[in-house]
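K.L.:
just need the structure, nothing else, for what follows:
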Amino acid sequence: MRQAGRYLPEYQKIRAEAGNFLNLCYTPDLAVEVAIQPIHRYGFDGAILFSDILVIPDALGRDVEFSIREGPVLTPLRHRSELHQLEPEKVTEKLQPVYRAVRQLAAALPETVTLIGFAGAPWTIAVYMIEGRGGGHFSNVLNWAQKDPDSFRQLIQVLTDATVLHLSAQIEAGAEVVQLFDSWAGILARISGSNNQLFNLWCLDPAREIVIRLREMHPDVPVIAFPREAGRYLEEYARETEAAAVSLDSAVPLQWAAKTLPSRTVLQGNLDPIILSKGGDDLQVQAQRIIEALRDRAHVFNLGHGIRKDTSPEYVTELVEAVRSTS
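P.N.:
Next up is the predicted model:
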């Protein structure tokens, strides 16, 4: 979960050299350097490609900027008439620098370190594209999805196709595992109530299609899915998408997950990033709690969401040592 990020001083130095965030993503030598930094510092078992989920709308021709104060800002997509401007078949051409970074990273990593690629899920990318940013009330994307589902389905299909192409290209370049981030899945989970139709339409179904298509193309490459804040729908999501693993956000009860989610599904997560940012005895206690709760399941220890920028690198060292000494 954002292993090479704002909390590392060596990352900040490279980030300043790049000029802006997308330059860093699209400059293979720099992207490889920041992806390897946490491997050198901590010796993690997996290295995640340094990129961003919003390279997809950028490659589709939408304006994407990263503001230091505001985060990602996009030119909003607000009408069905704009859909014809999106050309998913050109995504891999635009994102060649990303695949060069994957190839370089695959060559540079020790054989014992797994290389993880990733992409944003169609629903989450649609949220950013329609709202123009993250957060807020999400009224524009929800209105479109509910009032004009036919054209919204067209957008989701464009994004699904683009995501399959993007993840497949990463695999062909050397990614050994890929992860699908549905950071805004919780929006649909909250409004669906007892009727899961919206969640299934815009979150579960596209993820299932992506998993199936990637499995047909790359049968030996696992897909990890992360429907953040899916809540009660996580069980159906894990079962129906047949993802090899699901990431658990920090709100998921671990005893429930261990008992309820399909036994074939590897579980990942769910340490609260706030606990890591505070360090101390509670960090040790919570790490042990997670390991014990999931001891009888295949489990990848990780955070329940992205690491906070105010996290001390020393606390990450403490966590790694705690996990390795008890698992």
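
K.L.:
who's Gly71 bridged to?
P.N.:
Gly71 has the following beta-bridge partners by DSSP bridges: Ser67.

K.L.:
quick check: the gap between it and Gly134.
P.N.:
To Gly134, Gly71 is 6 Å away according to Cβ to Cβ, to the nearest Å. Glycine gets a C-beta too; all of them are placed from N, C-alpha and C.

K.L.:
right, and Val269 touches Leu254 too?
P.N.:
Just so we're on the same page, residue 269 is Gly rather than Val. No - counting by Cβ atoms under 8 Å, Gly269 does not reach Leu254; the two are 9.1 Å apart.

K.L.:
that older thread, comparing Gly71 and Gly134, which shows the higher neighbour count?
P.N.:
Per other Cβ atoms under 10 Å, whichever of Gly71 and Gly134 has more neighbours is Gly134, with 17 against 14.

K.L.:
quick check: the more buried one is in a helix.
P.N.:
No - Gly134: not assigned to a helix; according to DSSP: H, G, I helix; E, B strand; the rest coil it is coil.

K.L.:
now do the contacts for it.
P.N.:
71-72, 127-128, 183-184 (Cβ atoms under 8 Å, 6 or more residues apart in numbering).

K.L.:
most neighbours, which of those?
P.N.:
Of these, with other Cβ under 10 Å as the count, Val127 tops at 28 neighbours.

K.L.:
could you find the closest non-adjacent residue to it?
P.N.:
The shortest distance from Val127 to any non-neighbouring residue, by Cβ to Cβ, 6 or more residues apart in numbering, is to Trp184 (4.6 Å).

K.L.:
okay, that neighbour: pLDDT?
P.N.:
Trp184 carries a pLDDT value of 96.

K.L.:
same thing with the one 3 residues further on?
P.N.:
pLDDT for Ile187: 94.

K.L.:
that one: neighbour count?
P.N.:
By other Cβ under 10 Å, 24 other residues sit near Ile187.

K.L.:
mind listing what it touches?
P.N.:
So Ile187 contacts 127, 138, 142 (Cβ under 8 Å, 6+ apart).

K.L.:
so the last one makes contact with Arg190?
P.N.:
No - in terms of Cβ under 8 Å, Leu142 does not count as a neighbour of Arg190; the distance is 10.7 Å.

K.L.:
which of these two has more neighbours?
P.N.:
Between Leu142 and Arg190, counted using other Cβ under 10 Å, the more crowded position is Leu142 (18 against 11).

K.L.:
contact partners for that one?
P.N.:
Contacts here follow Cβ under 8 Å, 6+ apart; on that basis Leu142 touches 187, 191.

K.L.:
how would you label it: helix, strand or coil?
P.N.:
Three-state call for Leu142 (three-state DSSP): helix.

K.L.:
next up, phi/psi of Glu65, please.
P.N.:
The phi and psi values for Glu65, taken as degrees, to the nearest 10, are phi -130, psi 150.

K.L.:
any idea how far His137 is from it?
P.N.:
22 Å.

K.L.:
so which of those two has more stuff around it?
P.N.:
Using other Cβ under 10 Å as the criterion, Glu65 and His137 rank with Glu65 on top: 15 against 9.

K.L.:
pretty sure the more buried one is touching Asp58, no?
P.N.:
No - assessed by Cβ under 8 Å, Glu65 is found out of contact with Asp58, at 9.5 Å.

K.L.:
list the buried residues of stretch 42-51.
P.N.:
42, 44, 46-51 (16 or more other Cβ atoms under 10 Å).

K.L.:
looking at those residues, which is nearest Glu82?
P.N.:
Ser51 (25.0 Å; Cβ to Cβ).

K.L.:
which stretches of the stretch 51-200 of the chain have low pLDDT?
P.N.:
The stretch 51-200 of the chain contains residues with pLDDT under 70 at 192-195.

K.L.:
mutual contacts of Gly269 and Leu254, please.
P.N.:
Leu248.

K.L.:
looking at the two, which is more packed in?
P.N.:
When Gly269 and Leu254 are compared on other Cβ under 10 Å, the one with more neighbours turns out to be Gly269, at 26 against 18.

K.L.:
determine how far the last residue of stretch 189-199 lies from the first.
P.N.:
Across stretch 189-199, the terminal residues are separated by 6 Å (Cα to Cα, to the nearest Å).
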